[in-house]
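Asker: next input, structure requested:
(one chain, ligands or ions: 2)
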Amino acid sequence: MAEIILRSLAHTYDAKAGADSDYAIRQMDHVWHQGGAYALLGPSGCGKSTMLNIISGLLSPSEGEVLFDTERVNELSPEERNIAQVFQFPVVYDTMTVYDNLAFPLKNIGMAKHLIPAKVHEVADILELTSVLHRKAKNLSADEKQKVSMGRGLVRDDVSAILFDEPLTVIDPQLKWKLRRKLKQIHERFNITMIYVTHDQLEASTFAEKIAVMYDGQIVQFGTPRELFERPAHTFVGFFIGSPGMNFLEVTVDEHNVHFSGLRIPANPRRLQSAIASGSSNIKAGIRPEFIHVWDEPNDEAFEVEVQDVEDLGTYRILSFYLGGQIVRARLNEDQNIPSQKAYVSFPEQWLNIYVDEYRVGDDDE
Ligand code: ADP
Ligand code: MG
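Answerer: Ligands and ions are numbered 1, 2, ... in the order given. As a prediction, this is how the structure comes out:
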């Protein structure tokens, strides 16, 4: 068991790397605490697998250190690091039975023979593989093979951490949901640090207590699903998390308002002050569709806007409207009146975030 510390870590696959953009991992510090259930979430190509492989030791980082607790492990092999890793596609021994596939990691670490069957059966039971234990792996379906692959990762409870690299990609949706819950149960039972890589926000938030959102080789936010939703630290988090994502307006600011296309929208003074102090001209206001207030009648604090479209998504509706020529989306609850041509909207100060050079400003969380 260990805390995993990444110190001034960076990685490039390009021997002649110079610019930031040559790096798959841009220099970062990060701590994965012992016993956490974490997700590493980000789009394809942002560096998730690179980071996992650096932690497990399959890949040696170009810069920086990996520490388990206080020990530097850069020079240690994956076996010596004592980490289990489950990949996107099954890694099983086709000619062995499912039982032998699951027993293999235990034999490898020299577990006493009489202890092995109980452990294998326990994992087989959790993953619902008991009925196929004596089948050869090559005769299994893709789903079953991946479950065996996961079982091989889960069978040892003496590992420092278990890393999952998009393990449910080849699994059908129904089973996916079940396996995610199983992983969570396993985590609760054994308290092993787990890092679960995915590009799917739903998968991340159902599995993890804390999510690291990765974008372009950087972890741009590490927080609970709620923090990512309510206080996206970076515009990418606002955009990537949520459905639809956060609305962004390119604005200018004064001490009381953001200015957008001739409109003055009141905003939090501390956030505005930070934006002014930055001197940057790249300032955005961001608000989630869920937090925009919408009326179908005029109202003192509301802006009159033109409705573009209302999309019915069953339990809620998405209202799209024009604000200063730009489309903005608001989420309406089931019981809310639907404005037709004109709607009246306001942007509660608390939920209007200000971003300078893509990062949220105004230290007003506490
Ligand atoms: P993710 O897992 O988030 O999809 P990766 O870590 O696989 O992202 O890749 C990050 C970046 O590094 C991408 O631009 C990818 O093309 C590049 N990359 C990954 N593996 C290699 C490799 N073996 N050689 C060269 N470039 C690579
Ligand atoms: Mg990957």
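
Asker: can we go C-alpha only for contacts and neighbour counts from here?
Answerer: Noted.

Asker: for ligand 1, what are the nearby residues on this protein?
Answerer: Proximity of the chain to ligand 1 is confined to 13, 24, 44-50 under the rule Cα under 6 Å from any ligand atom.

Asker: run the last query once more with 8 Å
Answerer: 12-14, 23-25, 42-51, 165, 199, 214, 217 (Cα under 8 Å from any ligand atom).

Asker: out of these, which are buried?
Answerer: With burial judged by 16 or more other Cα atoms under 10 Å, the buried subset of those is 12, 23-25, 42, 46-51, 165, 199, 214, 217.

Asker: circling back: just the residues of the chain next to ligand 1: which are in helices?
Answerer: 48-51 (DSSP state H).

Asker: which outside residues touch the helix or strand that contains Gln27?
Answerer: Element membership of Gln27, judged by DSSP states H and E, is strand 25-32. Contacts with strand 25-32, where a contact means Cα atoms under 8 Å, 6 or more residues apart in numbering, come from 3-12, 20, 38, 47, 50-51, 63, 193, 216-219.

Asker: and the closest residue in space to Pro298 that isn't next to it in sequence, its phi and psi?
Answerer: Computed as Cα to Cα, 6 or more residues apart in numbering, the closest residue to Pro298 that is not its neighbour in sequence is Tyr344, at 5.9 Å. Torsion angles at Tyr344 (phi, psi; degrees, to the nearest 10) stand at phi -120, psi 120.

Asker: how much space separates Tyr344 from Phe164?
Answerer: From Tyr344 over to Phe164 the distance is 46 Å, taken as Cα to Cα, to the nearest Å.

Asker: and Met1, what's its pLDDT?
Answerer: For Met1, the model assigns a pLDDT of 63.

Asker: quick one: secondary structure of the nearest residue to Ala142 once chain neighbours are set aside?
Answerer: Of all residues not flanking Ala142 in the chain, Val170 sits nearest, at 7.1 Å (Cα to Cα, 6+ apart). Here Val170 is recorded as coil under DSSP: H, G, I helix; E, B strand; the rest coil.

Asker: Lys48 reaches Leu40, doesn't it?
Answerer: Yes: counting by Cα atoms under 8 Å, Leu40 is a contact partner of Lys48 at 6.8 Å.

Asker: let me see the domain layout of this protein.
Answerer: 35-57+81-234, 243-365 (automatic domain parsing).

Asker: just send these back as a markdown table, with mean pLDDT too.
Answerer: Shown next, in a markdown table, are the domains of the chain (pLDDT from 0 to 100):
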| stretch | mean pLDDT |
| --- | --- |
| domain 35-57+81-234 | 93 |
| domain 243-365 | 94 |
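
Asker: now these as CSV including distance to Val73?
Answerer: Below are the domains of the chain laid out as CSV (distance: least, Cα to Cα, whole Å):
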stretch, distance to Val73
domain 35-57+81-234, 7
domain 243-365, 33
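
Asker: tell me where the stretch 51-200 of the chain has strands.
Answerer: Taking DSSP state E, counting those that start in this stretch to define them, one finds strands in the stretch 51-200 of the chain at 63-68, 71-72, 83-86, 161-165, 193-198.

Asker: out of those strands, flag the one nearest Gly325.
Answerer: Ranking the strands of the stretch 51-200 of the chain by proximity to Gly325 (Cα to Cα) places strand 193-198 first, at 35.5 Å.

Asker: list the residues that contact Thr315.
Answerer: Thr315 makes contact with 333-334, according to Cα under 8 Å, 6+ apart.

Asker: ditto for Gly362
Answerer: 270-275, 354.

Asker: same question, Ala208
Answerer: Per Cα under 8 Å, 6+ apart, neighbours of Ala208: 37-39, 196.

Asker: quickly note the distance from the residue in the stretch 101-250 of the chain that ligand 1 sits nearest to to Ala37.
Answerer: Closest to ligand 1 within the stretch 101-250 of the chain is Gly217: 7.2 Å, counting by Cα to the nearest ligand atom. As judged by Cα to Cα, Gly217 and Ala37 stand 21 Å apart.

Asker: likewise for His30?
Answerer: Counting by Cα to Cα - His30 and Ala37 are separated by 15 Å.

Asker: pretty sure the residue nearest to Pro298 is touching Ile292, no?
Answerer: No: Tyr344 is not in contact with Ile292 according to Cα under 8 Å; the separation is 10.2 Å.

Asker: and Thr235, what does it touch?
Answerer: By Cα under 8 Å, 6+ apart, the contact set of Thr235 is 286, 355, 358-360.

Asker: scan the residues you listed and report the most crowded one.
Answerer: For the contacts of Thr235, neighbours were counted using other Cα atoms under 10 Å, and Tyr355 has the most, 27 neighbours in all.

Asker: sweet, I'm off.
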